[in-house]
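J.: Take a look and give me a structure for this.
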Amino acid sequence: MMNKSRNNSMIIQKKSLADMVAEQLRQQITEGVYTIGDKLPTEPELMKTFKVGRSSIREAVKLLVIFLTILKIHT
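T.: Modelled structure (predicted):
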C-alpha cells in the first residue's frame, strides 16, 4: 500500500503477516464465507491455509476482534 506524504513523495507501508491474514478473514466474512454464529477454523487449520505461524494467526484474530468490535459500535 502506498500513500503520498505532504511533500508528494511516495511512502511504502509494510503490512505484517497478521495484518494480511486479518484482512483476508475480514474479506471472507464480508463475502459470507463465515456468518454470524460460525466458528473460525482452528489455529492449526488457519496456519495451514495461510501458511503462517501460530503467532501470526493469534495476532490476526486479535486484530479481527478489534475490527468487528469497532464495526459493531459504529453500526
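J.: which parts of stretch 20-31 are buried?
T.: 21-22, 25-26, 29 (16 or more other C-beta atoms under 10 Å). All C-beta atoms are positioned from the backbone trio N, CA, C, and that covers glycine.
J.: quick one: it to chain centroid distance?
T.: In terms of C-alpha atoms, centre = their mean, to the nearest Å, the centre of stretch 20-31 is set 6 Å apart from its chain centre.
J.: ditto for stretch 15-33
T.: Per C-alpha atoms, centre = their mean, the centroid offset for stretch 15-33 relative to its chain is 4 Å.
J.: Give me the buried stretch members for stretch 40-57, please.
T.: For stretch 40-57, using 16+ other C-beta under 10 Å, the buried residues are 46-47, 50, 52, 56-57.
J.: give me every residue that touches residue 53.
T.: 17, 47 (C-beta atoms under 8 Å, 6 or more residues apart in numbering).
J.: Could you measure from it over to residue 30?
T.: Residue 53 is 25 Å from residue 30, where distance means C-beta to C-beta, to the nearest Å.
J.: which is the next helix or strand following the one helix or strand in the chain whose mean pLDDT sits lowest?
T.: Across the helices and strands of the chain, mean pLDDT, DSSP states H and E gives its lowest value to strand 2-4, namely a mean of 52. Following strand 2-4 in sequence order, the next helix or strand is strand 10-12 (DSSP states H and E).
J.: What is that following strand packed up against?
T.: Where contact means 3 or more C-beta pairs under 8 Å, 6 or more residues apart in numbering; DSSP states H and E, strand 10-12 is packed against strand 2-4.
J.: Before I go, just wanted to say thanks for your time.
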